[in-house]
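*Asks:* sequence? don't have it. structure:
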């Protein structure tokens, strides 16, 4: 009998082009997303070596990282950003790569538009020169971030040279309490496993709390897998996945749909498949989460306190906590609930989808953003923006005092004008609280969209469950 | 790719854990369309104050570390963003070797593609090299990839492990794309097979 295999094993095995004795594998890549920041040097490398893009139609390009989120019709004022954008357009034209241009209504963050267009599908290998490519694993795809040299390698060969990662399983038993979301779930997971807990592994997320999530919620979970050190996070496809995909522009059509479906149903892990590492959390034990430090593992429940480094036995870890508290300007043992904020950012490939915007609207409806808080909503894509406007969410946001912007990565990476000023404190729905990530000297607290909305209204970090009730 | 065989020079100590690639090279350096000239931005926020003046307390702003060629640091170095600007910045500064107890996966691959040798060693051994690096009189060491050794200032040597295939690629400066294109017939065979089995991927 064949060895029972995981979802990851099945996808990996079916994409091996060649395997060396030492396990180094030439892995076939089905789909490739690309953007303006990590691709220009790859295209340049190709050109200087006289190489061609092997299968241009398998790549989809979109600008997202370094573009303005307002006044787009006026063109891009920043000359460096304009050069990156123009270079992407030219490179796509030269190499015959499909491109969604800046002013196209479908434009948005790569990890939002891939699923939206049905480009992301179960069972495929998908890569992008961006670490949050793990997002697409929510569809039961093997998706991971790569560097620019690997982008060039995919362009030229449609493959990557890889070592097979190990299997890790994260089980979320039970159900999530009301007011607790996919974001809280993944923050709690990272807090438990640590920022390097998944290094060298592909993580499969399982359990009833996971199954109950929408595709948007599953994408939020898989998206932040990289913050736990694993390049890829996967969730087995099910009816929720198929319902989301059916009819999307780039999803299989006609007689191809049932054939694809038949294959996708074989992908879930076999019952007795083995995992090299396991952790289990109970959804019922997860309250809303907030980060206090400068690593995504620096996470506490909203009713918790800022940690006290003097109680940390490991000296390296103690120094890291001290340095994070110094950067964040927080005192040990301060209650998290009540920490005053200056800014709120709703958006990013983690939490810039329609469900996230609905969650925010529900909290801020007929309320006002606190007078000292500057708050913005940046939809993940033009289609998310359109949908939100059809539902009237934009009017709820603007009436409450939020800025309503054009789609892009915005203040998650702060390459454009959307950034924190030194010393500003932000409740953010993004994925990284690294020092300087949202602007030099800026202080980031990662939270769910509902928690960010509650913070905007209260003017400080607060438990959304109390505000809602 | 530039060959890596033997490297002798100053080792700089950065005893921090989880140094992410945003710390190695921040976002403003990602606006370029070139992979050159990034050394000036290496460890930018640690190295420069808000007015872009050097922070005298940061190790790379002190002699003899301004000319560092080797970096000794803490666990999970290079976590976070996939930006290849991180190894480009290290190499442009002159650092072609990093020693740590562990590295993040994407950074690991990116570095190896740019002739930057990453050496994983147990914490106790990293601690010894860190102590050497912290003493300006002992901070010069030699990394020899062929023999897989780091020779300390006192002449003693420490062995390190590396996968044979990675070692061969670094020693010979091999171009991965060139290597892969030698297997193009296998790629073609794979595509023919996949097209028959999963035609929707080729529609």
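*Replies:* Arrived safely, thanks for sending. These numbers were taken from a predicted model, which means no experiment stands behind them. Residues are numbered from 1 along each chain as shown, chains lettered A, B, ... in the order given.

*Asks:* and for residue B:8, the neighbour number?
*Replies:* Close neighbours of residue B:8, defined as other Cβ atoms under 10 Å in any protein chain shown, add up to 12. (C-beta placed from N, C-alpha, C; glycine too.)

*Asks:* pretty sure it sits in a helix.
*Replies:* No - secondary structure assignment (DSSP: H, G, I helix; E, B strand; the rest coil) places residue B:8 in strand, not in a helix.

*Asks:* doesn't residue B:150 make contact with it?
*Replies:* No - in this structure, residue B:8 sits apart from residue B:150 without contact. The criterion is Cβ atoms under 8 Å, and the distance is 10.6 Å.

*Asks:* who touches both of those two?
*Replies:* Between them, residue B:8 and residue B:150 share these contacting residues under Cβ atoms under 8 Å, 6 or more residues apart in numbering or on different chains: B:141, B:142, B:143.

*Asks:* tell me the buried residues in the helix or strand containing the last one?
*Replies:* With elements taken from DSSP states H and E, the one containing residue B:143 is strand B:140-144. When neighbours are counted by 16 or more other Cβ atoms under 10 Å in any protein chain shown, the buried residues of strand B:140-144 are found to be B:140, B:141, B:142, B:143.

*Asks:* got a list of what the closest residue in space to residue A:103 that isn't next to it in sequence touches?
*Replies:* Nearest-residue entry for residue A:103: residue A:72, 6.5 Å, with adjacent residues in sequence omitted and distances by Cβ to Cβ, 6 or more residues apart in numbering or on different chains. With contact taken as Cβ under 8 Å, 6+ apart, residue A:72 is in contact with A:102, A:103, A:406.

*Asks:* show the backbone phi and psi for residue A:72.
*Replies:* The phi/psi pair for residue A:72 (degrees, to the nearest 10) reads phi -70, psi -30.

*Asks:* per-residue pLDDT, it?
*Replies:* With respect to pLDDT, residue A:72 has a value of 92.

*Asks:* same thing with residue A:468?
*Replies:* At residue A:468 the predicted local confidence, pLDDT, stands at 66.

*Asks:* quick one on the thing from earlier: put the buried members of the contacts of residue A:72 into a PyMOL selection.
*Replies:* Applying 16+ other Cβ under 10 Å to those leaves a buried subset, and the PyMOL line that selects it is:
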select buried, chain A and resi 102+406
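
*Asks:* save the contacts of residue A:72 as CSV, and put in pLDDT and secondary structure too.
*Replies:* Putting those into CSV (pLDDT from 0 to 100; DSSP: H, G, I helix; E, B strand; the rest coil) gives the following:
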residue, pLDDT, secondary structure
A:102, 96, coil
A:103, 96, coil
A:406, 97, coil
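
*Asks:* show me which of the buried residues of strand B:140-144 is closest to residue A:76.
*Replies:* Closest approach to residue A:76 among those (Cβ to Cβ): residue B:143, at 44.2 Å.

*Asks:* just the helices in chain B please.
*Replies:* When assigned using DSSP state H, the helices of chain B occupy the ranges B:21-24, B:44-47, B:85-93, B:105-112, B:123-134, B:164-172, B:176-181, B:184-197.

*Asks:* repeat that for the stretch 151-300 of chain A.
*Replies:* Remark: helices assigned in the stretch 151-300 of chain A by DSSP state H, counting those that start in this stretch are A:182-193, A:208-211, A:215-223, A:239-245, A:256-264.

*Asks:* one step back: let me have the helices of chain B in a markdown table, extended by distance to chain A and mean pLDDT.
*Replies:* Output for those, formatted as a markdown table (distance: least, Cβ to the nearest Cβ, whole Å; pLDDT from 0 to 100):
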| stretch | distance to chain A | mean pLDDT |
| --- | --- | --- |
| helix B:21-24 | 4 | 98 |
| helix B:44-47 | 5 | 98 |
| helix B:85-93 | 8 | 98 |
| helix B:105-112 | 4 | 96 |
| helix B:123-134 | 9 | 98 |
| helix B:164-172 | 5 | 94 |
| helix B:176-181 | 5 | 96 |
| helix B:184-197 | 5 | 98 |
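
*Asks:* dump the ones you listed into TSV; add distance to residue A:146 and mean neighbour count as well.
*Replies:* As requested, the helices of chain B are exported to TSV (distance: least, Cβ to Cβ, whole Å; neighbours: other Cβ atoms under 10 Å in any protein chain shown):
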stretch	distance to residue A:146	mean neighbour count
helix B:21-24	13	25
helix B:44-47	24	19
helix B:85-93	13	26
helix B:105-112	7	25
helix B:123-134	27	17
helix B:164-172	17	16
helix B:176-181	12	17
helix B:184-197	18	13
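
*Asks:* so which residue of the stretch 351-469 of chain A comes closest to chain B?
*Replies:* Closest approach between the stretch 351-469 of chain A and chain B, counting by Cβ to the nearest Cβ: residue A:434, at 4.4 Å.

*Asks:* surely that residue is in contact with residue B:23?
*Replies:* Yes - using Cβ under 8 Å, residue A:434 is in contact with residue B:23, at 6.9 Å.

*Asks:* touching the helix or strand hosting residue A:453 from outside, list them.
*Replies:* Residue A:453 belongs to helix A:449-458 when elements are defined using DSSP H and E. Residues lying outside helix A:449-458 but in contact with it, judged by Cβ under 8 Å, 6+ apart, are A:179, A:181, A:183-184, A:288, A:290, A:302, A:341, A:344-346, A:351, A:356-357, A:359-360, A:362-364, A:367-370, A:373, A:375, A:400, A:402, A:427-429, A:445, A:447, A:461-464, A:467-468.

*Asks:* with stretch B:82-94 instead?
*Replies:* Defining contact as Cβ under 8 Å, 6+ apart, one finds that stretch B:82-94 is touched by A:38, A:41, A:129-131, A:145-149, B:2, B:9, B:21, B:24-25, B:29-30, B:35-39, B:41-42, B:67-69, B:71, B:78, B:96, B:98, B:106-107, B:110-111, B:113-116.

*Asks:* just the buried ones from those residues?
*Replies:* Among those, those classed as buried by neighbour count (16+ other Cβ under 10 Å) are A:38, A:41, A:129-131, A:145-149, B:9, B:21, B:24-25, B:29-30, B:35, B:38, B:41-42, B:68-69, B:71, B:78, B:96, B:98, B:106-107, B:110-111, B:113-116.

*Asks:* pLDDT weak spots in chain A?
*Replies:* Applying pLDDT under 70 to the predicted model, the residue ranges of chain A that meet it are A:1, A:468-469.

*Asks:* longest strand anywhere in it?
*Replies:* The strand that spans the most residues within chain A, counting by DSSP state E, is strand A:166-173.

*Asks:* pull the number of nearby residues for the spatially closest residue to residue B:79 that is not a sequence neighbour.
*Replies:* Taking Cβ to Cβ, 6+ apart as the measure, residue B:79 lies nearest to residue B:104, with 4.0 Å between them; neighbours along the chain are not counted. A count of nearby residues for residue B:104, using other Cβ under 10 Å, gives 29.

*Asks:* up against chain B, what does the stretch 201-350 of chain A have?
*Replies:* Contact residues (Cβ under 8 Å from any Cβ of the partner chain) of the stretch 201-350 of chain A with chain B: A:226-227, A:229-231, A:252-253, A:256-257, A:259-260, A:263, A:295, A:316-317, A:319-320, A:323.

*Asks:* try 7 Å
*Replies:* Applying Cβ under 7 Å from any Cβ of the partner chain, we find that the stretch 201-350 of chain A lies next to chain B at A:229, A:231, A:252, A:256, A:259, A:260, A:263, A:295, A:316, A:320.

*Asks:* who wins for most neighbours among the residues you listed?
*Replies:* Ranked by neighbour count (other Cβ under 10 Å), those have residue A:231 at the top, with 29 neighbours.
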